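Novice: Pasting the sequence and the predicted coordinates here, then a few questions.
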Amino acid sequence: MSTPIFSADNFRQALLRLLPRGAIWSRDPADLLSLLASAWGQVFARNTQSAADLLVETFPATTAELITEWERSTGLPDPCAGQSPTLLQRRAQVVARLTDSGGSSIAYYVAFAAALGFDITITEYTAARAGALTAGSALYGESWTYVWTVTAPGTTTTYFIAGAGTAGSPLANWGNAVLECEIRARCPAHTLALFAQND
């Protein structure tokens with residue numbers, strides 16, 4: 001069920017219907033009362049549209065006007081987003097921060113990256129052990145126990161979406177800087193996250 005939106009003319013007509021009847025209460029479009037009702041109708045229509053927009057703005061995944069409020073409440077913007085992130089990227093970062101429940105498992109990082117709009121895989125390493133190696137296996141030293149690799153597309157392209165983007169937004173944006181920055185910020189202190197490209 002959608003919120004009813006009334007036009008300025010709807011409000012003008014409603015205001016004129018509320019006036020008393022009589023010779024001095026003319027409904028002629030050129031008379032002062034109709035002109036005043038037209039002006040007030042435009043104000044009421046703008047207020048009604050703003051109230052309806054507030055329903056959309058209360059959700060970070062659909063906000064446009066209140067994105068800075070959402071960013072402020074989640075500690076954004078930060079250097080991770082770069083110089084001029086798109087509205088879609090800003091929304092994704094806000095949603096990812098709000099839904100971030102913390103963790104250090106592979107599933108956690110994959111889900112967090114997906115909230116940011118990235119499809120990743122993670123590889124963990126173990127130190128070479130006698131009796132556990134097979135022919136052709138990589139030989140990793142003890143320090144590799146604390147290393148993991150995030151594999152993502154070399155360049156993730158974010159396209160403009162009609163109805164979700166705003167005027168002035170680029171039609172496409174490339175890069176994984178937000179992913180790397182956000183993962184590094186959540187990387188356990190005793191580990192090292194490497195980033196690899198899968199294309």
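Specialist: Okay, I see it. Numbering: from 1, shown residues only.
Novice: just the strands in this structure please.
Specialist: 121-124, 147-152, 157-159, 172-174, 192-197 (DSSP state E).
Novice: Select, out of these, the one closest to residue 25.
Specialist: Minimum separation from residue 25 across those (CB to CB) falls at strand 157-159, 55.9 Å. The C-beta positions use only the backbone N, C-alpha and C, and glycine is treated the same way.
Novice: thinking again about what came up before, looking at the strands of the chain, spot the one closest to residue 93.
Specialist: Residue 93 lies closest to strand 157-159 among the strands of the chain, at 11.7 Å (CB to CB).
Novice: can you give me how far the longest helix along the chain is from the chain middle?
Specialist: Secondary structure of the chain per DSSP state H: the longest helix is helix 32-57. Helix 32-57 sits 29 Å away from the centroid of its parent chain (CA atoms, centre = their mean, to the nearest Å).
Novice: and if you look at stretch 145-152?
Specialist: Offset of stretch 145-152 from its chain centre (CA atoms, centre = their mean): 27 Å.
Novice: Which residues in that stretch does the neighbour count mark as buried?
Specialist: 148, 150, 152 (16 or more other CB atoms under 10 Å).
Novice: quick one: which of those is nearest residue 68?
Specialist: Nearest to residue 68 among the buried residues of stretch 145-152: residue 152, at 28.2 Å, using CB to CB.
Novice: follow-up on the earlier one: by contact count, what packs against the longest helix of the chain?
Specialist: Judged by 3 or more CB pairs under 8 Å, 6 or more residues apart in numbering; DSSP states H and E, helix 32-57 is in contact with helix 8-18.
Novice: The helix it packs on: which residues count as buried?
Specialist: The neighbour-count check on helix 8-18 (16+ other CB under 10 Å) flags 8, 11, 12, 13, 15, 16 as buried.
Novice: and of the strands of the chain, who's closest to residue 77?
Specialist: Short answer: strand 172-174, nearest of the strands of the chain by CB to CB, at 15.2 Å.
Novice: For the closest one, give the mean pLDDT please.
Specialist: Per-residue pLDDT over strand 172-174 has a mean of 54.
Novice: which residue packs closest to residue 144, ignoring adjacent ones?
Specialist: Leaving aside its sequence neighbours, residue 144 sits nearest to residue 125 (CB to CB, 6 or more residues apart in numbering; 4.2 Å).
Novice: and that neighbour, what does it touch?
Specialist: By CB atoms under 8 Å, 6 or more residues apart in numbering, residue 125 lies in contact with 140, 144, 145, 147, 148, 149.
Novice: No more questions from me, cheers.
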